[in-house]
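Any chance you could fold what I've pasted below:
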Amino acid sequence: MVFYISVVLASLVVLWGVIDPAGLGAGSAALLSVTTKYFGWFYLVATLGFLSFVLYLAFSRHGNVKLGLDDDEPKYGNRSWFAMLFSAGMGIGLVFWGVAEPVSHYQTPPPGVLPQTPEAARAAMRYAFFHWGLHAWAIYTTIALCIAYFSFRKGRPSLISSTFYPLLGKHAEGPAGKAIDILAILATVFGVATSLGFGTMQISGGLAHLTAIPATIGIQLWIIGIVTLLYMLSALTGLDRGIKILSNVNLMVAAILLLFALIAGPTAFLLDVFTTTLGGYIHNLIPMSLRLTPFSEGTWVADWTIFYWAWWIAWAPFVGMFIARISRGRTIREFVLGVLLVPSLFSFVWFSTFGGTALHLEALEHQGIAAAVEEDITSALFITLQQLPLGALISALATVLIVTFFITSADSATFVLGMLSSEGRLTPTNRVKLVWGLLQSSIAAVLLLSGGLQGLQTAAIVAAAPFAVIMVLMCVALMRSLGEEDRLNRERERARRHKLDELLQAERTQP
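Coordinates of the predicted model:
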């Protein structure tokens with residue numbers, strides 16, 4: 001039931017985009033306006049709440065609870081674990097926005113900051129850290145933690161609805177639970193399609209920069225088709241082969257690219273940027289988390305922060321399910337700190353290196369990076385890399401990295417969508433994975449046709465709105481279940497001590 005309803009609803013969107021792409025763009029834009037105008041505050045408050053929630057759990061008495069049975073051990077080593085969760089959670093977007101976002105903020109900074117000034121550069125880097133750091137991974141951590149706990153410790157199916165047993169009881173298996181799972185699937189489909197669209201645009205931009213192939217919508221559709229074949233081949237090989245191997249390759253290639261840019265670029269400047277921005281990020285964490293502009297009615301926060309929070313929430317069912325699937329046997333404290341801190345730190349280093357290099361070229365060497373980014377945002381990374389030694393070779397390596405990130409994100413999503421629509425089955429059938437693989441690529445294609453970059457952003461924000469409410473309720477359910485488990489453990493401990501006292505007392509009274 002969940003599978004067929006979800007497929008029909010997703011297919012209707014594809015059909016709408018094929019028949020009337022302009023109508024799809026206009027309809028989604030109207031929904032976007034309503035969402036950001038009336039619910040922007042909710043995205044900000046909820047996301048800060050998710051970060052506070054997971055940090056509390058990590059350092060509370062619940063931190064030693066295992067995501068699994070007490071004697072379970074992690075299946076994957078730390079390196080493979082970090083590689084898979086990072087490839088699934090950030091890959092394409094990080095490469096796409098690594099240069100484009102800081103330069104865009106430098107040109108059009110947050111309200112109250114003058115553009116193209118040193119303060120604009122500092123704010124640009126600080127907000128890049130903010131959008132890709134702890135808040136993003138707190139969203140993923142929250143849902144992954146709920147799924148892993150109820151699946152591996154409580155023995156429930158690996159479904160979003162399974163986390164609602166403390167609130168709904170047996171109704172979690174009925175129509176209410178099915179509706180929750182359908183919303184999770186739709187949020188996932190549109191969230192992933194957004195990233196696939198970004199990846200397609202940047203692959204197209206890379207090819208245009210390196211070759212004579214133009215970055216047209218026709219070329220982008222061909223790219224989607226070719227990469228769809230590649231990631232379906234990977235998805236059909238299973239989790240322990242295709243996805244695991246490609247994730248490790250991704251991390252290795254990304255590390256090579258990062259290290260080269262750090263050494264070949266203005267190294268001392270980049271290290272200063274990292275240190276200064278990290279301090280500014282930590283110092284301004286709460287003010288940035290709750291910033292809106294009701295008196296000036298500006299759109300900067302909606303265009304950037306709210307878009308990102310919605311994007312992460314739309315991705316959360318997919319990334320959360322995937323991270324939960326590979327995290328059995330870890331304690332809540334180990335899980336939270338690993339998922340929250342390690343990828344965030346990598347993102348900070350990435351933005352410091354690539355964004356810092358671009359800002360150095362723009363602000364100090366006047367290389368015209370900002371003008372190039374304004375003309376074609378997909379070329380930002382390649383124009384920056386071109387200024388470094390071996391620029392053409394490194395740009396080609398970056399294009400390969402985008403393709404492999406595209407594949408791992410898409411095949412991971414296909415795997416998770418199969419689980420969500422197959423009653424939580426840990427090994428969904430190839431037929432189900434094939435259907436979802438084709439659908440998410442089709443949605444990415446129609447979103448590009450109906451609105452390009454703006455269409456992709458709109459889809460992410462609108463799809464995330466109902467699922468944000470579901471995530472809040474998941475936190476309530478997890479706390480209720482952890483509280484009940486803690487109460488039962490304390491009762492068992494008291495009973496054990498009481499029994500021990502009785503035995504000792506009996507031993508003392510014996511002649």
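
So residue 344 is in contact with residue 137, correct?
Yes: assessed by CB atoms under 8 Å, residue 344 is found in contact with residue 137 at 5.4 Å. Bear in mind the C-beta positions are built from the backbone N, C-alpha and C, glycine included.

Between these two, point out the one with more neighbours.
residue 137 (30 against 20; other CB atoms under 10 Å).

and the more buried one, what does it touch?
Residue 137 sits next to 89, 339-340, 343-344 when contact means CB atoms under 8 Å, 6 or more residues apart in numbering.

what do you get if the cut-off is 10 Å, keeping everything else the same?
50-51, 54, 85-86, 89-90, 144, 312, 319, 323, 336, 338-344, 347 (CB atoms under 10 Å, 6 or more residues apart in numbering).

now do residue 94
86, 101, 132, 254, 343, 346-347, 350-351, 354, 401, 405 are the contacts of residue 94 under CB under 10 Å, 6+ apart.

Quickly name whichever of those is closest to residue 386.
Closest to residue 386 out of the contacts of residue 94 is residue 354 (12.8 Å), distances taken as CB to CB.

what's around the residue nearest to residue 171 when sequence neighbours are not counted, how many residues?
In this structure, residue 171 finds its nearest non-sequential neighbour in residue 177, 6.8 Å apart by CB to CB, 6 or more residues apart in numbering. Applying other CB under 10 Å, we find 22 residues neighbouring residue 177.

name the element residue 177 belongs to?
helix 175-210 (DSSP states H and E).

so what does that helix touch, helix or strand wise?
Contacts defined by 3 or more CB pairs under 10 Å, 6 or more residues apart in numbering; DSSP states H and E place helix 175-210 against helix 2-19, helix 91-107, helix 165-168, helix 217-236, helix 307-325, helix 380-386, helix 391-420, helix 430-509.

Distance to residue 262 and mean pLDDT for those - can I get that in a markdown table?
Output for those, formatted as a markdown table (distance: least, CB to CB, whole Å; pLDDT from 0 to 100):
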| stretch | distance to residue 262 | mean pLDDT |
| --- | --- | --- |
| helix 2-19 | 41 | 81 |
| helix 91-107 | 13 | 85 |
| helix 165-168 | 47 | 91 |
| helix 217-236 | 29 | 78 |
| helix 307-325 | 25 | 83 |
| helix 380-386 | 13 | 84 |
| helix 391-420 | 12 | 79 |
| helix 430-509 | 29 | 80 |
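
okay, those, which one's buried deepest?
helix 307-325 (a mean of 28; mean count of other CB atoms under 10 Å).

Now the next helix or strand after that helix: buried residues?
Remark: after helix 307-325, the chain's next helix or strand is helix 332-350, criterion DSSP H and E. Using 16 or more other CB atoms under 10 Å as the burial criterion, the residues of helix 332-350 that qualify are 332-340, 342-344, 346-350.

and the angle from helix 332-350 to helix 430-509?
Orientation check (axes from the mean of the first three to the mean of the last three CA atoms, to 10 degrees): helix 332-350 against helix 430-509 gives 130 degrees.

Which strands or helices does the helix or strand just after helix 332-350 pack on?
Next along the chain after helix 332-350, taking DSSP H and E as the criterion, comes helix 356-359. When contacts are defined as 3+ CB pairs under 10 Å, 6+ apart, helix 356-359 packs onto helix 91-107, helix 118-132, helix 244-264, helix 267-283, helix 369-375, helix 380-386.

need those helices in a markdown table with distance to residue 446, can you?
Below are those laid out as a markdown table (distance: least, CB to CB, whole Å):
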| stretch | distance to residue 446 |
| --- | --- |
| helix 91-107 | 18 |
| helix 118-132 | 26 |
| helix 244-264 | 26 |
| helix 267-283 | 37 |
| helix 369-375 | 26 |
| helix 380-386 | 25 |
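
Please identify which of the contacts of residue 94 is nearest to residue 43.
Nearest to residue 43 out of these is residue 132 (CB to CB; 16.0 Å).

which residues sit in contact with that closest one?
Counted by CB under 10 Å, 6+ apart, residue 132 has contacts 90, 93-94, 97-98, 101, 308, 312, 343-344, 346-348, 350-351.

Then residue 36?
Counted by CB under 10 Å, 6+ apart, residue 36 has contacts 43, 299, 301-303, 306-307, 310, 458, 461-462, 465.

picking that back up, can you read off the pLDDT for the residue nearest to residue 171?
Looking at residue 177, its pLDDT is 89.

what does residue 369 give?
84.

how much space between it and residue 362?
Distance of residue 369 to residue 362, given as CB to CB, to the nearest Å: 4 Å.

Quickly list what's touching both of these two.
Contacts common to residue 369 and residue 362, judged by CB under 10 Å, 6+ apart, are 103, 106-107, 384.

Of these, just say which sits nearest to residue 287.
Nearest to residue 287 among those, with distances taken as CB to CB, is residue 106, at 20.2 Å.

Return the distance of stretch 404-415 from the chain's centre.
Offset of stretch 404-415 from its chain centre (CA atoms, centre = their mean, to the nearest Å): 13 Å.

Using PDB, write out the CA atom coordinates for it.
Extracted in PDB, the C-alpha atoms of stretch 404-415 (Å, rounded to 0.1, in the frame of the first residue of the first chain):
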ATOM      1  CA  THR A 404      30.800   9.500  -7.900                       C
ATOM      2  CA  PHE A 405      29.100  11.500  -5.200                       C
ATOM      3  CA  PHE A 406      26.000  11.600  -7.500                       C
ATOM      4  CA  ILE A 407      26.100   7.800  -7.800                       C
ATOM      5  CA  THR A 408      26.500   7.100  -4.000                       C
ATOM      6  CA  SER A 409      23.800   9.600  -3.000                       C
ATOM      7  CA  ALA A 410      21.400   8.200  -5.600                       C
ATOM      8  CA  ASP A 411      22.000   4.500  -4.900                       C
ATOM      9  CA  SER A 412      21.900   5.100  -1.200                       C
ATOM     10  CA  ALA A 413      18.600   6.900  -1.600                       C
ATOM     11  CA  THR A 414      17.300   4.100  -3.800                       C
ATOM     12  CA  PHE A 415      18.200   1.600  -1.200                       C
END
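
Where does residue 31 sit, in terms of helix or strand?
helix 21-59.

quick revisit: between the contacts of residue 132, which sits nearest residue 28?
Distances from residue 28 to the contacts of residue 132, taken by CB to CB, are shortest for residue 308, at 17.7 Å.

how close does that closest one get to residue 281?
15 Å.

sec struct for the residue nearest to residue 130 when sequence neighbours are not counted, please.
In this structure, residue 130 finds its nearest non-sequential neighbour in residue 288, 5.1 Å apart by CB to CB, 6+ apart. Here residue 288 takes the helix state, with states given by DSSP: H, G, I helix; E, B strand; the rest coil.

ok, now how distant is residue 288 from residue 140?
19 Å.

And these two? Which one has more around it.
A count of neighbours by other CB under 10 Å puts residue 140 above the other of residue 288 and residue 140, at 28 against 22.

quick one: which helix or strand includes that one?
helix 134-148.

ok and that helix relative to helix 332-350, angle-wise?
Going by the same axes, to 10 degrees, helix 134-148 makes 150 degrees with helix 332-350.

model confidence over helix 134-148, on average?
Average pLDDT, helix 134-148: 93.

Done for today, thanks.
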